[in-house]
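**Q** model the structure of this input:
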Amino acid sequence: MGYKEVYAAWQDDPEGWWMDQAAAIDWTAPPSQALFDRGNHMYEWFADGLTNTCWNAVDRHVPTRGDQAAIIYDSPVTDTKRRITYAELRDQVASVAGALKARGITKGDRVIVYMPMVPEAIIAMLAVTRIGAIHSVVFGGFASSELAVRIDDAQPKAILSASCGIEPGRIVPYKPLLDGAIEMAEHKPDFTMILQREQEPCELGPRDFDWHAAQEGVEPADCVPVEGNHPAYILYTSGTTGQPKGVVRPTSGHLVALNWTMKNFFNVDPGDVFWAASDVGWVVGHSYICYAPLIHGNTTIVFEGKPVGTPDAGTFWRVISEHKAKVLFTAPTAFRAIKRVDPKGAFHAKYDLSHFEALFLAGERADPDTIEWAQDLLQVPVIDHWWQTEIGYPAVGNPMGTELLPIKVGSPSVPLPGFDIKVLDEDGKELPRGELGALVTPLPLPPGTLPNLWNAEARFKKSYLEKFPGYYETGDAGYVDEDGYVWIMARTDDVINVAGHRLSTGGMEEVLAAHPDVAECAVIGVTDALKGQLPMGFVCLTSGVNRPHEEITKECVALVREKIGPVAAFKLCAVVDRLPKTRSGKILRATMVKIADGAEFKMPATIDDPVILDEIREALLGLGYPTA
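**A** The predicted structure follows:
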């Protein structure tokens, strides 16, 4: 069956179609039906089935692929490599689960995981789900204040952490951050388990147990079956109010949907090596480092490093070559970083990538220039795709394992089963093909997507369901073309109104990225007394470019005026060394807008380097902003 046939089969009978996919999962007791309508636009999938996440990700594979590597750990920052087989992984996970169970962790308890990119982070997540508890992974190295907010919301009985994380050129001690967070939080965990890393061990206090010592003499824990609607985890995502939102991931829908994507979307078979170059703190790390590859019987790579600087711009090619990765999934920002340092792709020629079949990009908008550079260099399909923390897996993308459709550079392609993307205007009226508006998908959302926020149902409805009744509001803006391809142009907040014209900042970024000297860019809308808003561009230059900045910005302005027209009123452009980003690579455009408008803002919890905001402020002053 090709894409159209598969998509039509889902449309004709969504519940029956998903029940068919559920047959690929091991159940202690299969569900009696697929969809449970809880009223008021609230839904659950496979709610009365009994299953276990860890069993499906680990134990069930041991009889047939016990000697296969489940995890390959590659850490250029510590010069360490390890292979953990499925049989070894089962034993290590059961041991950690036993240590948690022995200290009182039971089904439904929350456990925070605050760890670097080491195999023990994956083991911790699996150990928590093994005994029916609920994990909440917080990015290792997060500020104490932000971790404290999550402790108070999730109210964990335990926190699993490490003595330190390792960044290029520096060690980040975690224990002082963890202790500070526990001190700030009103809720106190019963205990912590700390993995001591040789690069910087820490002192343990009265509530702390050593990771290895805690496992001594305890009975390994068996898998505990849980109901299909039981939360596997809570993952906090930034909210517009500055307060994090706890996205809940239900156990059974998570298993069913992720398993389906591995073959049908990514085109990998059990036994293939799959690499998602992300962090376990993000949803990509949950879905495609930890869970989906293991559920499907793949080998997953846990990479502790960066695309450049650990040690060079050839690191990704080395990892793919050395571990025979079939596909790589990463954020476009990683490729922009490689392209900026090595624009001619010289490092690529040093490695054998003959077994490499596809590059998948997601996490932010993939500009055509970056996609075309990667296509030319790698000579494999480069698949842009779109989804969100709330959704948990690809919603729009080119389904390589079903049928590789023609690639339209700049579009993440077509809706996948479970999603029927519509474009609405402010009043909720569906717009014609080709017109820019708010992207939504009809309810119910498919299995594995968020059914609710943790202890915040009113906020869930307000954030996602209220504005367009009967639909899930994605918060993204774009359009659907005549062929049914979806074009994600910006966050809804990034569609700017210039003298009555609704314009996409993403469209302007696409034009700027095509300038031969521009490695990376961002466009924001700033307040203007006459036109309401004006677009303002920031460009980072490719390594080795040393022309006068005034020349380059003048060319950028001319390019936008040529490609988009005078209606864009694009006159403001500055060259900067770096753009402010989250650690996952998303550009902090909303924060840049607030600085430009002279508004107060809260320092984003996920910012990679706060110093960059000072550089942006200087560039804004040079352009005459803020005007007040």
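**Q** all strands for the stretch 51-200 of the chain, in order.
**A** 69-75, 80-85, 110-114, 134-137, 158-162, 164-167, 170-173, 191-195 (DSSP state E, counting those that start in this stretch).
**Q** where in this structure is the helix or strand with the lowest mean pLDDT?
**A** Every helix and strand of the chain was ranked by mean pLDDT, DSSP states H and E. The lowest is strand 501-504, at a mean of 77.
**Q** what pairs with that one, parallel or antiparallel?
**A** Counting by DSSP bridges, the strands paired with strand 501-504 are strand 495-498 (antiparallel).
**Q** what does the strand it pairs with contact?
**A** The contact list for strand 495-498 (CB atoms under 8 Å, 6 or more residues apart in numbering) reads 436, 477, 489, 502-505, 525, 531-535, 567-569. No exception for glycine: its C-beta is placed from N, CA and C like everyone else's.
**Q** so, low pLDDT: which residues of the stretch 401-550 of the chain?
**A** Counting by pLDDT under 70, the stretch 401-550 of the chain shows low-confidence ranges at 493, 500.
**Q** repeat that with 90
**A** For the stretch 401-550 of the chain, applying pLDDT under 90 flags the ranges 489-507, 510, 527-533.
**Q** returning to that earlier point: buried only: go through the contacts of strand 495-498 for me.
**A** 436, 477, 489, 503-505, 525, 533-535, 568-569 (16 or more other CB atoms under 10 Å).
**Q** can I get the residues you listed in JSON lines including distance to residue 560 and secondary structure?
**A** Listed next are the buried ones among the contacts of strand 495-498 as JSON lines, based on distance: CB to CB, whole Å; DSSP: H, G, I helix; E, B strand; the rest coil:
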{"residue": "436", "distance to residue 560": "17", "secondary structure": "coil"}
{"residue": "477", "distance to residue 560": "19", "secondary structure": "strand"}
{"residue": "489", "distance to residue 560": "15", "secondary structure": "strand"}
{"residue": "503", "distance to residue 560": "10", "secondary structure": "strand"}
{"residue": "504", "distance to residue 560": "12", "secondary structure": "strand"}
{"residue": "505", "distance to residue 560": "11", "secondary structure": "helix"}
{"residue": "525", "distance to residue 560": "14", "secondary structure": "strand"}
{"residue": "533", "distance to residue 560": "15", "secondary structure": "strand"}
{"residue": "534", "distance to residue 560": "12", "secondary structure": "strand"}
{"residue": "535", "distance to residue 560": "8", "secondary structure": "strand"}
{"residue": "568", "distance to residue 560": "6", "secondary structure": "helix"}
{"residue": "569", "distance to residue 560": "10", "secondary structure": "coil"}
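**Q** quick check, nearest of those to residue 401?
**A** residue 489 (27.4 Å; CB to CB).
**Q** which elements pack onto the lengthiest helix in the chain?
**A** If you go by DSSP state H, the chain has its longest helix at helix 86-102. Here helix 86-102 touches helix 62-65, strand 69-75, helix 119-130, strand 191-195, going by 3 or more CB pairs under 8 Å, 6 or more residues apart in numbering; DSSP states H and E.
**Q** tell me the most buried of those?
**A** helix 119-130 (a mean of 27; mean count of other CB atoms under 10 Å).
**Q** number of residues surrounding the residue lying closest to residue 598 once chain neighbours are set aside?
**A** Once flanking residues are discounted, residue 598 sits nearest to residue 626: 3.3 Å by CB to CB, 6 or more residues apart in numbering. With neighbours defined by other CB atoms under 10 Å, the count for residue 626 comes to 15.
**Q** residue contacts, residue 626?
**A** Contacts of residue 626 (CB under 8 Å, 6+ apart): 595-598, 620.
**Q** distance to residue 605 added to the buried ones among the contacts of strand 495-498, as TSV?
**A** Shown next, in TSV, are the buried ones among the contacts of strand 495-498 (distance: CB to CB, whole Å):
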residue	distance to residue 605
436	30
477	25
489	26
503	30
504	27
505	23
525	24
533	27
534	29
535	27
568	33
569	34
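**Q** between those residues, which sits nearest residue 590?
**A** Among those, residue 525 lies closest to residue 590 (CB to CB), at 10.4 Å.
**Q** ok, for the closest one, nearest residue in space, not its chain neighbours?
**A** residue 496 (3.2 Å).
**Q** beta-bridge partners for the one you found, please?
**A** Under the criterion used (DSSP bridges), residue 496 bridges to residue 503.
**Q** measure how buried it is and give me the count.
**A** For residue 496, the count of nearby residues is 26 (other CB under 10 Å).
**Q** can you check residue 501 too?
**A** Neighbours around residue 501, by other CB under 10 Å: 14.
**Q** got the contact list for the longest helix of the chain?
**A** Residues contacting helix 86-102 (CB under 8 Å, 6+ apart): 54, 58-59, 61-62, 65-68, 70-71, 84, 111, 123-124, 126-128, 130-131, 133, 158, 193, 209, 214-215, 218-222.
**Q** could you redo the last one with a cut-off of 6 Å?
**A** With contact meaning CB atoms under 6 Å, 6 or more residues apart in numbering, helix 86-102 is reached by 58-59, 61-62, 65-66, 68, 70, 123, 126-127, 130-131, 214-215, 218-221.
**Q** can you check stretch 180-192 too?
**A** If you take CB under 6 Å, 6+ apart as the criterion, stretch 180-192 is touched by 103, 144, 147-148, 151-152, 155-159, 207-208.
**Q** mean confidence score for it?
**A** Stretch 180-192 carries an average pLDDT of 97.
**Q** nearest residue to the residue lying farthest from the centre of the chain other than its sequence neighbours?
**A** Most distant residue from the mean C-alpha position of the chain: residue 530, 38.5 Å away (CA atoms, centre = their mean). Leaving out its chain neighbours, the residue that sits closest to residue 530 by CB to CB, 6+ apart is residue 499, at 7.8 Å.
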